[in-house]
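> structure for the following, please:
(4 chains)
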Number of protein chains: 2
Amino acid sequence: MSSRISKKSKSGRGRPVDTAKMAQIIAAARTEFFSQGFSQASIESIAARADVSKVTVYNRFGSKEDLFAAAVQSECDTMREKLDFANLSDRGIRDTLINFGLEMTAFLEREEMVRFERHMAVEAENNPIIGQLFLDSGPRRLHGALSALLSKAVDTGKLDISDTVEAAEHLAGMIKGMSDLERRMGQPRSEQVKAKTLKRITSAVDLFLVSYASAKKMG
Amino acid sequence: MSSRISKKSKSGRGRPVDTAKMAQIIAAARTEFFSQGFSQASIESIAARADVSKVTVYNRFGSKEDLFAAAVQSECDTMREKLDFANLSDRGIRDTLINFGLEMTAFLEREEMVRFERHMAVEAENNPIIGQLFLDSGPRRLHGALSALLSKAVDTGKLDISDTVEAAEHLAGMIKGMSDLERRMGQPRSEQVKAKTLKRITSAVDLFLVSYASAKKMG
DNA sequence: CATATATTGAACGCTTACGTTTAATTAAAC
DNA sequence: GTTTAATTAAACGTAAGCGTTCAATATATG
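You can find the predicted model right below:
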């Protein structure tokens, strides 16, 4: 039984809760959990990294599982916030899509992101809810953003697509190519790889536009 | 120090090595490692599953790491063997590609495969060599097979592609779509999802062919 | 100051699991 | 039957790590 955790001492009498420690613990937990994995990570190590005693960790979070859940939630929140591709060039649909591809790739191929995805996948194996949380916070949002972008281009007559959701999946798939997997498998991102990725993205957009660029060039 | 392992007792005098146990151990190790992960898997559990004593495991494999390496190697070998897409219909390039997409998806979305990939990714985080072994045994082979298939179609005049390697990456990416990720994140493969996947594959091939189908229809 | 709460370090009990050792048993060769 | 080597069950030593307890200390209120 994980005792009382939220003791909501709303400015009671004794020593006040050090609110800063909360953030420290979660930050440390994120670092530890998503670089070591759940079972490898240790509470003691997290406490040390957070400059906090182990007891404090257990006072705020009842168990390792609870702390992990909080870390996942926090990481997902961060991911959601960073998923703000508002600054897309609007100089023609081709540039816009290539730009999207580049930003998407940069976002997904960060080591931090790759590690997070790896460990979320493992945890999702025995807990699909975690997988769903991850998908909803990141990939599905990204996919939705691209779908919306395409739909908007359809509305303004730049594209001619019947199923923008599926088209977005096609385009995103081509943008990822095998780089996605190579990164997840720990292969380095050399300059040559980067160049190949850039080439793949542009040619993917071009392949995409051959079919979907609107005939009535009203743009 | 992991003592002497290969004591190559080539039909000496004493009790002969039970060769069957070797396969049992590796089979058990594969099941255990790729459903629990390296750190969660226990040698004792593997030994029990293999109907073998723990000492025997340590006599054959010096350490948990060595056993894991053997399990990875074995799983990769199996993967390579199963990657034999020779039975592709030859009734036109469209059917051939759709067929390839279906077989590829069926191959990749098996629970066994998904689990293996998940755990390989985690291990590759601290050991890129493992990631490379995995990539060479599976994904890169698959990609090579599709590239070869496309090149052959180019040679016979069915397709007109300048860079078949990149084209294969595009097509494979579209075939995967988001299903790949959804499966890795433990989301169920419902009938609806299967239908959507089939639709995505066929429309991906069609999108692909709009650009690459040879103009001179000599087939 | 007295009281109440938060935090800490240290130690504890407990479990799991790696890898080893030992004595006993089994299955072959000579 | 004797010898040699493989296998086993059981126990061991060791280490790590979860979650708890406790006494001591810090920081607030009244």
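> may I ask you to name the longest helix in chain A?
Once chain A is assigned using DSSP state H, the helix that runs over the most residues is helix A:191-212.
> so which bits of that helix are buried?
A:196-197, A:200-201, A:203-205, A:207-209, A:211-212 (16 or more other CB atoms under 10 Å in any protein chain shown). C-beta: built from backbone N, CA, C; applies to glycine.
> now those residues in a markdown table, with distance to A:Ser63?
Output for these, formatted as a markdown table (distance: CB to CB, whole Å):
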| residue | distance to A:Ser63 |
| --- | --- |
| A:Lys196 | 45 |
| A:Thr197 | 42 |
| A:Arg200 | 45 |
| A:Ile201 | 44 |
| A:Ser203 | 50 |
| A:Ala204 | 45 |
| A:Val205 | 48 |
| A:Leu207 | 50 |
| A:Phe208 | 48 |
| A:Leu209 | 52 |
| A:Ser211 | 52 |
| A:Tyr212 | 51 |
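> tell me the one of the residues you listed nearest B:Arg13?
Distance to B:Arg13, by CB to CB, is smallest for A:Lys196 among those, at 59.4 Å.
> in a helix, A:Gly186, correct?
No. Under DSSP: H, G, I helix; E, B strand; the rest coil, A:Gly186 sits outside any helix and is assigned coil.
> relative to B:Thr78, how far out is it?
To B:Thr78, A:Gly186 is 22 Å away according to CB to CB, to the nearest Å.
> quick one: which of the two has more around it?
More crowded of A:Gly186 and B:Thr78, by other CB atoms under 10 Å in any protein chain shown: A:Gly186, with 24 against 14.
> residue in chain A nearest to DNA strand C?
Closest approach between chain A and DNA strand C, counting by CB to the nearest atom of the strand: A:Gly14, at 1.9 Å.
> what about the residue in chain A positioned nearest to DNA strand D, how many neighbours?
Using CB to the nearest atom of the strand, A:Arg15 is the residue of chain A that sits closest to DNA strand D, at 3.1 Å. A:Arg15 has 7 neighbours, counted by other CB under 10 Å.
> that one in helix, strand or coil?
coil.
> pretty sure A:Asn127 sits against A:Phe134.
No. Using CB atoms under 8 Å, A:Asn127 makes no contact with A:Phe134, being 10.8 Å away.
> who has more neighbours out of these two?
More crowded of A:Asn127 and A:Phe134, by other CB under 10 Å: A:Phe134, with 26 against 15.
> now do the contacts for that one.
A:72, A:76, A:117, A:120, A:124, B:185 (CB atoms under 8 Å, 6 or more residues apart in numbering or on different chains).
> doesn't it lie inside a strand?
No. Using three-state DSSP, the assignment for A:Phe134 is helix, not a strand.
> could I get the pLDDT score of A:Ser2?
Confidence at A:Ser2, expressed as pLDDT, is 34.
> nope, A:Asn87 is what I was after
69.
> what about chain A, any weak spots by pLDDT?
A:1-11, A:86-87, A:89, A:216-219 (pLDDT under 70).
> if you set the cut-off to 80 instead, what comes out?
A:1-12, A:85-90, A:215-219 (pLDDT under 80).
> and A:Pro16, how many residues sit next to it?
Here the count is done by other CB under 10 Å, and A:Pro16 has 9 residues near it.
> same deal with A:Arg115?
20.
> would you mind listing what in chain A touches DNA strand C?
A:7, A:9, A:12-18, A:21, A:51-56, A:59-60 (CB under 7 Å from any atom of the strand).
> so of these, which ones are in strands?
Judged by DSSP state E, strands contain none of those.
> so of the residues you listed, which ones are in helices?
Going by DSSP H, the helices hold A:21, A:54-56, A:59-60 from these.
> any chance of these in a markdown table, plus neighbour count?
Below are these laid out as a markdown table (neighbours: other CB atoms under 10 Å in any protein chain shown):
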| residue | neighbour count |
| --- | --- |
| A:Lys21 | 17 |
| A:Lys54 | 14 |
| A:Val55 | 9 |
| A:Thr56 | 17 |
| A:Asn59 | 16 |
| A:Arg60 | 18 |
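> closest to A:Ser39 among these?
Checking those against A:Ser39 by CB to CB gives A:Lys54 as the nearest, at 17.9 Å.
> ok, and the closest non-adjacent residue to the closest one?
The shortest distance from A:Lys54 to any non-neighbouring residue, by CB to CB, 6 or more residues apart in numbering or on different chains, is to A:Ala47 (4.5 Å).
> same deal with A:Ser74?
Excluding the flanking residues, the one nearest A:Ser74 by CB to CB, 6+ apart is A:Ile26, at 5.1 Å.
> what is the burial count for the one you found?
By the criterion of other CB under 10 Å, A:Ile26 has 20 neighbours.
> from B:Gln192, how far off is it?
Taken as CB to CB, the span from A:Ile26 to B:Gln192 is 37 Å.
> next one: A:Gln40
From A:Gln40 across to B:Gln192, the span is 37 Å (CB to CB).
> with A:Ala168 instead?
A:Ala168 is 18 Å from B:Gln192, where distance means CB to CB.
> ok, now A:Glu182?
According to CB to CB, A:Glu182 stands 31 Å off from B:Gln192.
> repeat for A:Thr96
For A:Thr96, the distance to B:Gln192 equals 31 Å [CB to CB].
> how about A:Ala71?
Distance, A:Ala71 to B:Gln192, by CB to CB: 33 Å.
> next one: A:Ser42
With CB to CB as the criterion, A:Ser42 and B:Gln192 are 42 Å apart.
> check A:Pro128 too.
Separation of A:Pro128 from B:Gln192 (CB to CB) stands at 16 Å.
> check the offset of stretch A:42-58 from the chain's centre.
26 Å (CA atoms, centre = their mean, to the nearest Å).
> please apply the same query to stretch A:144-164.
A distance of 23 Å separates the centroid of the chain from that of stretch A:144-164, by CA atoms, centre = their mean.
> ditto for stretch A:151-166
Taking mean C-alpha positions (CA atoms, centre = their mean), stretch A:151-166 and its chain are 26 Å apart.
> how about that stretch: buried residues?
Residues of stretch A:151-166 classed as buried by neighbour count (16+ other CB under 10 Å): A:151, A:153-154, A:158-159, A:161, A:164, A:166.
> please, where are all the helices along chain A?
A:19-36, A:43-49, A:54-60, A:64-82, A:93-108, A:111-126, A:128-137, A:139-155, A:164-176, A:179-184, A:191-212.
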